[in-house]
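Visitor: what would the 3D arrangement of this be:
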Amino acid sequence: MLRTKPFRYTMFGLLYFSQGAIMSYFAAFNAIYLITYDLSMTQIGLVSAIAMIPLVLKIFIGMLSDRVNLLGLGFRKPYILLGLLLQSACLAVIPLVNPGTHFPLFVILAFLTISGMALYDTCTDGLALDTTPAEEQGTIQGIMVAGRAAGVVIISAITGVVAQTTSWHLTFWVLAAVTLFPLPFVLAISEHPRPGTLRFEWRAFSAFRKPAIILLALLGALYSLIINGVNEITNPFINAEFGISLSVAGFLTTVWGVGVIIGGLAGGFLVDRIGQKRSVISALFISLGSILLLSAIFHPWAAWLFVILFGFAYGLYETVYFALSMQATDRRIAASMFSILMAIANLGTGIGLGVTGALVDILDYRWTLVALAMINLLALPMLPVIFPNRQSILSSDALE
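Guide: Predicted structure coming up:
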């Protein structure tokens, strides 16, 4: 179905690279672009809020992909192709629309762009779940986490240079072209008919009544709360302590991204070599240690080392949790269940960003980092339930 390992790994890495590319634009450049058209921050916030709605709807996209073989072409492939083409087409059209005079049209295009990303992202996860043997799940998740981080780091740098030296038009067209990098690989795959045992069944959602799955979801919210909360305040903390420039802050973010790439690849290797329970414990304590080191930065030069170490912990923890979720997912509702677990993790991110800001006001940056580091330990009581009977690898069969 997906030919050789290098073919599969390259395809999944490129699909996540494309996702990282568009995330880098919306996270770092969308507001800058819209300000050039004299839009208010209220309007810019509205664009971002509406554009992100499809990420909330990913659960329903997962259900659609699990249930409907689109035009007889498959449960994953046609949706991935449609998502890539939609994202690329919208990016090609966006620079032709003046958001100052055609604001509603720009909002629609932004919404459709993220809709395309949500579509191929959700169905890529489903395809990975359908086709990846248990012994490769850590590796494939590491490649996808690293691919997304690489997209953010590389495309952020390219976007900044192209936008500054040429034009925004060319910037969007570059993003549209990057979106299509995975296209030849996706076109080359074919999906086999599903056996009856893997057909969509509503009763499979009863998995979410099981204590192990409930705590797995809470673990996702917890890890996401911690690492994204820390990530939110890292640059402001270093700036408050040492007065770094914007350019230095940008380079620190790049260094962090390199750490995420390395951590993602290392996390995949770790899961496949030592098992998922030990990997979770390793990721937990590496996260704890890296955050404590951040809190102890004593000189601007130390920031470079400690930031890349935190990036490593970030990528490692993400990969380990994603691999854990893959193993726990019921294949009858693969894309649906995985997207629900990711949605709960994203909820943790939202809570974490708010809580972290409040803690900084109450405490300060250093003690907030210490507090977030120690919150990691709340995961320890969850592990005996997530891994019943001391199993080293969580499996949906074990949860029956």
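Visitor: identify the residues contacting stretch 152-163?
Guide: 20-21, 23-25, 27-29, 33, 170-171, 174-175, 178, 250, 253-254, 257-258, 261 (Cβ atoms under 8 Å, 6 or more residues apart in numbering). (Glycine included, C-beta is placed from N, CA and C.)
Visitor: among those residues, the buried ones, what's the PyMOL command?
Guide: Restricted to buried positions by 16 or more other Cβ atoms under 10 Å, the PyMOL selection for the contacts of stretch 152-163 reads:
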select buried, resi 20+21+23+24+25+28+29+33+171+174+175+178+250+253+254+257+258+261
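Visitor: where are the low-confidence patches of the stretch 301-400 of the chain?
Guide: 389-400 (pLDDT under 70).
Visitor: ok, now with 50
Guide: Residues of the stretch 301-400 of the chain meeting the criterion pLDDT under 50: 392-394, 396-400.
Visitor: can you give me the helices in it?
Guide: 334-362, 365-375, 383-386 (DSSP state H, counting those that start in this stretch).
Visitor: which among these is found nearest to Leu86?
Guide: Closest to Leu86 of those, according to Cβ to Cβ: helix 334-362, at 17.7 Å.
Visitor: so of the contacts of stretch 152-163, which ones are in helices?
Guide: If you go by DSSP state H, the contacts of stretch 152-163 have 20-21, 23-25, 27-28, 33, 170-171, 174-175, 178, 250, 253-254, 257-258, 261 in helices.
Visitor: contacts made by stretch 122-137 with the rest, please.
Guide: Under the contact criterion Cβ under 8 Å, 6+ apart, stretch 122-137 has outside partners 1-2, 5, 8, 12, 15-16, 58, 61-62, 65-66, 75-77, 79-80, 83, 140-141, 144, 191, 271-272, 323, 326-327, 329, 331, 334-335, 338-339, 342, 393, 395.
Visitor: tell me, how many neighbours does Arg98 end up with?
Guide: Quick fix: residue 98 is Asn, not Arg. The local packing of Asn98 (other Cβ atoms under 10 Å) involves 11 other residues.
Visitor: before we move on, what SS does Pro185 have?
Guide: That one is not Pro; residue 185 is Phe. Following DSSP: H, G, I helix; E, B strand; the rest coil, Phe185 is assigned to helix.
Visitor: how about the strands in the stretch 201-350 of the chain?
Guide: Secondary structure of the stretch 201-350 of the chain, counting by DSSP state E, counting those that start in this stretch: no strands present.
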